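Colleague: Have a look at this prediction, sequence included:
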Protein chains: 2
Amino acid sequence: MTYHHGDLRRVLLDTALGLIAERGPNAVSLRDLARAAGVSHAAPAHHFGDKAGLFTAIAVQGQRLLADALAEELDLRRLGATYVRFATEHASHFEIMFRPDLYHRDDPELVAAKARTSDLLRAAIPGDGRDADRRVLAAWSIAHGFATLLRSGNLDHLVGDGDAEAEFAEVAELLDLPGPTPT
Amino acid sequence: MTYHHGDLRRVLLDTALGLIAERGPNAVSLRDLARAAGVSHAAPAHHFGDKAGLFTAIAVQGQRLLADALAEELDLRRLGATYVRFATEHASHFEIMFRPDLYHRDDPELVAAKARTSDLLRAAIPGDGRDADRRVLAAWSIAHGFATLLRSGNLDHLVGDGDAEAEFAEVAELLDLPGPTPT
DNA sequence: ACCCCTTCTTGTCAGTGACAAGATAGCGGC
DNA sequence: GCCGCTATCTTGTCACTGACAAGAAGGGGT
């Protein structure tokens, strides 16, 4: 229990997410993390190899969570809202996921998780020509842009506090996308 | 010339932009910057006070450049393309501007520059009701999302190398926005 | 000639990430 | 019951970083 509690990796990940939520990724040090988890300053390095390794693990977890969330939404027009909700509910994950300079971009697990997310997005749009690609691009861009601007505090004067998701739903209506399986 | 060349601040800013372009903002240290500029390790601190102060100066410069670029484009539908072009041409600035954790968010100069950019965006959309707000939001989101996803390497399989701006122009057509001054 | 302010330097300190080497615990084989 | 083996975690150390303090160099005004 004391030396080998076997759960350290999970504890470290959870603790790291908490620290990131408080202070942002830049202000998190491996030593802070170790202190917060009550272990020695080199324990994190063993599990993640690197500081980038820690963030890689978080990015992988985030991609999987995002894919899971997207997989449950069938209506294309609501997919964007799901994306925005993910960005607010899993802010720490989202924060890391789109900062490739923080983690190991070519980690196999990460690449796989990312591919799954990307495939889900792609599959949500009917058709497979360049037009369909553009629709994927447009839908992803508007959702990602909204979520990112929101997180960086650039929309404070345009969007209220709790209703970000609802606000986005109305914004997304300006985008010309097909409804749910109109066949 | 040697001791007081009076241009150090500008030189440091330019050098910093170069370093950021090479290695990203996280990998830039004040001491690297000082070395690259050929001055002592504390010289940057004098001009910018802080590491965050350096990034604040870059963010201010970026906001002004962006505002200038946007001010020259009258056609609303091309505003997004201008935004995307700015993000690729001034990648280092863009990178910093939307990382509030890196700089002093409440710097007066920064707030002013940001307000000018925001006003320009706002003024480009006719009307002033909630509908107009939503159009601003939609246009900004899709441009920002596209630019951000592009920069983070998430669109590599969807968008070619040099034609990002053209590709975005086509994507943006899916957005329902009024043409240039349809009065 | 003097003062004063800005600009830049030298010196120093705690904190950080990475690495090396050692300690501890659990587990299978015999 | 004991021996090794390996994964897990600790202790010790190093170069580097950001921040700060104190001082030197230059320039302008009077």
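Modeller: Done, it's in.
Colleague: Could you count how many residues lie near residue A:19?
Modeller: Residue A:19 is flanked by 19 other residues according to other C-beta atoms under 10 Å in any protein chain shown. For every residue, glycine as well, the C-beta is placed using N, CA and C.
Colleague: wait, what's in contact with it?
Modeller: Residues counted as contacts of residue A:19 (C-beta atoms under 8 Å, 6 or more residues apart in numbering or on different chains) are A:27-28, A:32-33, A:36.
Colleague: could you dump the residues you listed to JSON lines with distance to chain B?
Modeller: JSON lines is the format used below for those (distance: C-beta to the nearest C-beta, whole Å):
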{"residue": "A:27", "distance to chain B": "8"}
{"residue": "A:28", "distance to chain B": "11"}
{"residue": "A:32", "distance to chain B": "16"}
{"residue": "A:33", "distance to chain B": "17"}
{"residue": "A:36", "distance to chain B": "19"}
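Colleague: Keep those residues, but drop any that are not near DNA strand C.
Modeller: For DNA strand C, the contacts drawn from the contacts of residue A:19 by C-beta under 7 Å from any atom of the strand are A:28, A:32.
Colleague: how does chain A divide into domains?
Modeller: If you go by automatic domain parsing, the domain ranges for chain A are A:1-49, A:53-183.
Colleague: Next one: residue A:162, what pLDDT does it get?
Modeller: Note on residue A:162: pLDDT of 73.
Colleague: Tell me which residue of chain A lies closest to chain B.
Modeller: Residue of chain A nearest chain B, by C-beta to the nearest C-beta: residue A:145 (2.6 Å).
Colleague: For the residue lying closest to that residue once chain neighbours are set aside, list the residues it contacts.
Modeller: Using C-beta to C-beta, 6 or more residues apart in numbering or on different chains and skipping residues adjacent in sequence, the residue nearest residue A:145 is residue B:145, 2.6 Å away. Residues in contact with residue B:145 (C-beta under 8 Å, 6+ apart) are A:140-148.
Colleague: Hmm, residue B:138 and residue A:171 touching each other?
Modeller: Yes. In this structure, residue A:171 is within contact of residue B:138 by C-beta atoms under 8 Å, at 4.8 Å.
Colleague: and for the two, which residues touch both?
Modeller: Overlap between the contact sets of residue A:171 and residue B:138, as judged by C-beta under 8 Å, 6+ apart, is given by residue A:142.
Colleague: From the contacts of residue A:19, pick the one nearest residue B:118.
Modeller: Of all the contacts of residue A:19, residue B:118 sits closest to residue A:27, with 27.3 Å by C-beta to C-beta.
Colleague: What count of nearby residues applies to residue A:153?
Modeller: Counted with other C-beta under 10 Å, the neighbours of residue A:153 add up to 10.
Colleague: Relative to residue A:145, how far out is it?
Modeller: Residue A:153 sits 14 Å away from residue A:145, going by C-beta to C-beta, to the nearest Å.
Colleague: With residue A:62 instead?
Modeller: 18 Å.
Colleague: same check, this time on residue A:90
Modeller: Taken as C-beta to C-beta, the span from residue A:90 to residue A:145 is 18 Å.
Colleague: what ranges do the strands span in chain A?
Modeller: With DSSP state E as the criterion, chain A has no strands.
Colleague: ok so, going back, mind putting the contacts of residue A:19 into TSV with neighbour count and pLDDT?
Modeller: Listed next are the contacts of residue A:19 as TSV, based on neighbours: other C-beta atoms under 10 Å in any protein chain shown; pLDDT from 0 to 100:
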residue	neighbour count	pLDDT
A:27	11	96
A:28	23	97
A:32	16	98
A:33	24	98
A:36	15	97
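Colleague: Name the nearest residue to residue A:70, sequence neighbours excluded.
Modeller: Excluding the flanking residues, the one nearest residue A:70 by C-beta to C-beta, 6+ apart is residue A:120, at 4.8 Å.
Colleague: what about that neighbour, neighbour count?
Modeller: Using other C-beta under 10 Å, residue A:120 is surrounded by 17 other residues.
Colleague: pLDDT score for it?
Modeller: Note on residue A:120: pLDDT of 93.
Colleague: Please tell me how far it sits from residue A:113.
Modeller: In this view, residue A:120 and residue A:113 are 11 Å apart by C-beta to C-beta.
Colleague: Give the residues shared as contacts by the two.
Modeller: Taking C-beta under 8 Å, 6+ apart as the contact rule, residue A:120 and residue A:113 both touch residue A:67.
Colleague: the helices in chain A, which residues?
Modeller: Secondary structure of chain A (DSSP state H): helices at A:8-23, A:30-37, A:43-48, A:51-71, A:76-89, A:91-97, A:108-124, A:130-151, A:164-172.
Colleague: possible to save those helices as JSON lines with distance to residue B:41?
Modeller: As requested, these are exported to JSON lines (distance: least, C-beta to C-beta, whole Å):
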{"stretch": "helix A:8-23", "distance to residue B:41": "26"}
{"stretch": "helix A:30-37", "distance to residue B:41": "24"}
{"stretch": "helix A:43-48", "distance to residue B:41": "28"}
{"stretch": "helix A:51-71", "distance to residue B:41": "24"}
{"stretch": "helix A:76-89", "distance to residue B:41": "39"}
{"stretch": "helix A:91-97", "distance to residue B:41": "31"}
{"stretch": "helix A:108-124", "distance to residue B:41": "36"}
{"stretch": "helix A:130-151", "distance to residue B:41": "34"}
{"stretch": "helix A:164-172", "distance to residue B:41": "43"}
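Colleague: Nearest to residue B:85 among the ones you listed would be which one?
Modeller: The closest of these to residue B:85 is helix A:130-151. By C-beta to C-beta, the value is 15.3 Å.
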